[in-house]
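K.L.:
from the sequence below, what's the structure:
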Amino acid sequence: MAVRLDGRVAIVTGAGGGLGREHALTLARLGAKVVVNDVGAGVHGENGDRRPADHVVAEIRAAGGEAIAHHQSIAEPEGARSLVDLAVETFGTVDVLVNNAGILRDKTFRKMRLEDFEAVLAVHLLGTVYCTHAVWPLMNDNGYGRVVVTTSGSATNGNFGQSNYAAAKLGVVGLMNVLALEGARNGVLINAIAPGATTRMTQELIPDELKPYLEPRLVSPVVAYLSSEACTDTGTIVWAVAGKVARVFYAETQGVQFDPTSQVEPDDIEAAWPRIMDTEGARPAPPGPIGDAVERLARMGLIR
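P.N.:
All right, here's what the predicted structure looks like:
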């Protein structure tokens, strides 16, 4: 069955260029009515320009689609709320939210100013929180919704000089993990895209020989799928880099089960450490703060 978004209303933040622009154009091509959010700021979040968002809207309309621009910052609750209000006033509802907006202020942690740490958190993490919080009641009341958050290999794998960015991008994964549990019963699914793409933000970070293979057009089809009815998964991280699409997940090793009724000593941990760290037989970590503790203790006959 063809993936389509006919009649759906989608919001894409940071859609004035790069990945966001490609996401917006792809969703519109598949039939969605798109609200294009972008403040038109520089890579570091400076200044602002209405033209990028307006230009993407013009591109969508020229291709026969429906779109409207929103120019306020989603790093403030009021901006996020006005974005959702604009979507509802213009198109009647919101079915899809793609959280894509971001800035970079790279520096080693030792040299980073806290203002730069906070600025990156404000856009990537709190901007995602504000937009999702604004649309969450509507989607849950409607009994349908698709939310995509943007994480990064810098968060899941680490990247030198990006402590602020990585902290924000792993923060949205934690948000996703909880909202996946809260939204599923109402048909609201949330997933994360971990993209690798050559954009204005990453232009200086990617070696020249890789740039032709890291085009945004290779990422946006994944976002479109996650935004559609065809997607029935929730709480997943999807890696999309240089044409490879894969699931990223947190694994739990077989580990060592100590007797929880007896004292465990640091020496016991040292002796067991090679087995604790052994990845053979590792499996996806169960959801929830205590994982499979109930099942393990029941097998030991300690609880029923």
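K.L.:
low pLDDT regions in the protein?
P.N.:
Counting by pLDDT under 70, the low-confidence segments of the chain come to 1, 41-48, 199-205, 207.
K.L.:
if we go to 80?
P.N.:
Within the chain, the stretches with pLDDT under 80 are 1, 41-49, 197-214.
K.L.:
could you break it into its assigned domains?
P.N.:
Using automatic domain parsing, the domain parsing of the chain gives 9-248, 251-299.
K.L.:
could you identify which of the ones you listed is most buried?
P.N.:
Taking mean count of other C-beta atoms under 10 Å as the contact definition, the stretch among the domains of the chain with the greatest mean neighbour count is domain 9-248, which reaches a mean of 20. For glycine as for every other residue, the C-beta is placed from the backbone atoms N, C-alpha and C.
K.L.:
re earlier: now render the domains of the chain as a markdown table, adding distance to residue 2.
P.N.:
Below are those laid out as a markdown table (distance: least, C-beta to C-beta, whole Å):
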| stretch | distance to residue 2 |
| --- | --- |
| domain 9-248 | 9 |
| domain 251-299 | 30 |
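K.L.:
what sits up against stretch 213-230?
P.N.:
Applying C-beta atoms under 8 Å, 6 or more residues apart in numbering, the set of residues contacting stretch 213-230 from outside is 1, 3-5, 8, 10, 18-19, 21-23, 25-27, 30, 32, 96, 98, 146, 148, 191, 193, 195-199, 202, 206, 231, 238, 240-243, 245.
K.L.:
if we go to 7 Å?
P.N.:
The contact list for stretch 213-230 (C-beta atoms under 7 Å, 6 or more residues apart in numbering) reads 1, 3, 5, 10, 18-19, 22-23, 26-27, 30, 96, 98, 146, 148, 191, 193, 195-199, 206, 231, 238, 240, 242-243, 245.
K.L.:
now, which of those residues lie within strands?
P.N.:
Secondary structure defined by DSSP state E assigns 10, 96, 98, 146, 148, 191, 193, 195-196, 238, 240, 245 of the contacts of stretch 213-230 to strands.
K.L.:
closest one of those residues to residue 60?
P.N.:
Ranking the ones in strands among the contacts of stretch 213-230 by separation from residue 60, with C-beta to C-beta as the measure, puts residue 10 on top at 10.9 Å.
K.L.:
how about that closest one, nearest residue that isn't a chain neighbour?
P.N.:
The shortest distance from residue 10 to any residue other than its chain neighbours is 3.8 Å, reached at residue 96 (C-beta to C-beta, 6 or more residues apart in numbering).
K.L.:
in contact with the one you found, which residues?
P.N.:
So, once contact is read as C-beta under 7 Å, 6+ apart, residue 96 ends up touching 8, 10-11, 32, 146, 227.
K.L.:
between the two ends of stretch 139-154, how far is it?
P.N.:
Using C-alpha to C-alpha, to the nearest Å, the span of stretch 139-154 from its first residue to its last is 30 Å.
K.L.:
could you report the distance from residue 241 to residue 164?
P.N.:
22 Å (C-beta to C-beta, to the nearest Å).
K.L.:
rewinding a little: which of the contacts of residue 96 lies closest to residue 263?
P.N.:
Of all the contacts of residue 96, residue 263 sits closest to residue 146, with 48.9 Å by C-beta to C-beta.
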